[in-house]
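> give me coordinates for this.
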Amino acid sequence: MRLRIDGFEVSTDLPAGSTFGVALAEAGRKVASQGRVVSRIVADGREISTRFEREMADRPVGEVDTVDVTTTTPDALFREAIDGAIDLSLAIRRDAETILSSLRAEDLAAAGPRYAACIESLGTFFQLAGAIFNAIGNGVFPIAIRSGIPGELPTPPSATAGILQRLLGTQKASDWNGVAGILEGEILPNIDGWSTFFKALKEIGADGVASRK
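Now for the predicted structure:
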């Protein structure tokens, strides 16, 4: 397996029988030693998502020809992740409000396709939210706390996974009135809470970047 980091081929010195997961861990250590973080992974021309990375983790490295790793700085990745999360939360809110309007008008034909897309976006959003929060907790995204603000970090919304499970269960039972109730009473407030959380983090992060200049 050939490994390129930011366009430059690097040796991996992997023992025989190593897996794709081991190779990526080694690449991550090389990147971290330079004070940078991985922002994108492409294996044999296919971009590797978090889910696909887990699925490929046990594959022998001999089954993969070339892996390209793109890196960035923690500050740049933090800003990109936060901006993406905020934009996605606003898009989900717009979709949810449109779905609610269709459900209230009993127009399931209009609500159905948008609802399916919204569910996919919610899954992506909650995965991204968890990844950002974990990265902060693990020190990947160092956050400088502003003076005068109590506590170390704003508190993220809770019960996110449970809300999504209830929504899916209610839809599976074809209870569209129940779906509307969960969208309005639980999903929208939860999304708004995450949006507020990310905006607060963005302000803290911006102050931290400014203070280091």
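
> ok, now which ones touch residue 70?
Listed by CB atoms under 8 Å, 6 or more residues apart in numbering, the contact partners of residue 70 are 6, 38-42. Any C-beta I mention is one placed from the backbone N, CA and C, and that applies to glycine too.

> what's the spacing between the strand or helix carrying it and its chain's center?
Secondary structure assigned from DSSP states H and E places residue 70 in strand 66-72. On the basis of CA atoms, centre = their mean, to the nearest Å, strand 66-72 sits 18 Å off its chain's mean C-alpha point.

> residue 89 should be in a helix, yeah?
Yes: counting by DSSP: H, G, I helix; E, B strand; the rest coil, residue 89 is found in a helix.

> follow-up on the earlier one: avg pLDDT for the strand holding residue 70?
Throughout strand 66-72, pLDDT has a mean value of 92.

> residue ranges with poor pLDDT in the chain?
Scanning the chain for pLDDT under 70 picks out 50-53, 142-154, 205-213.

> quick check: the gap between the residue nearest the centre of the chain and residue 94.
Nearest residue to the geometric centre of the chain (CA atoms, centre = their mean): residue 128, 1.7 Å. Going from residue 128 to residue 94 by CB to CB, to the nearest Å gives 18 Å.

> buried residues, stretch 173-189. List them.
Buried residues in stretch 173-189, counted by 16 or more other CB atoms under 10 Å: 176, 179-184, 186-188.

> per the record, what domains does this protein have?
As assigned by automatic domain parsing, the chain contains the domains 2-72, 75-212.

> now do the strands in this structure.
Using DSSP state E, the strands of the chain run over 2-5, 8-10, 37-43, 46-47, 66-72.

> note down every partner strand of the last one and its orientation.
Each strand pairing with strand 66-72, determined using DSSP bridges, is listed with its direction: strand 2-5 (parallel), strand 37-43 (antiparallel).

> can you lay out those as TSV showing mean neighbour count and distance to residue 61?
As requested, the strands paired with strand 66-72 are exported to TSV (neighbours: other CB atoms under 10 Å; distance: least, CB to CB, whole Å):
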stretch	mean neighbour count	distance to residue 61
strand 2-5	16	9
strand 37-43	17	10
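
> next, format those as CSV and append distance to residue 80.
Formatted as CSV, the strands paired with strand 66-72 follow (distance: least, CB to CB, whole Å):
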stretch, distance to residue 80
strand 2-5, 19
strand 37-43, 8
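
> mind checking which of these is nearest residue 31?
Comparison of these against residue 31 by CB to CB identifies strand 37-43 as nearest, at 5.5 Å.

> I would like the residues contacting the closest one, please.
20, 24, 27-28, 31, 47-48, 53, 56, 64, 66-74, 76-77, 80, 140.

> any idea how far it is from the middle of the chain?
Using CA atoms, centre = their mean, the offset of strand 37-43 from its chain centre is 14 Å.

> who does residue 46 form a beta bridge with?
residue 43.

> before we move on, back to that, of the strands of the chain, which is nearest residue 113?
strand 46-47 (25.6 Å).

> run the chain-centre distance for the closest one.
Using CA atoms, centre = their mean, the offset of strand 46-47 from its chain centre is 17 Å.
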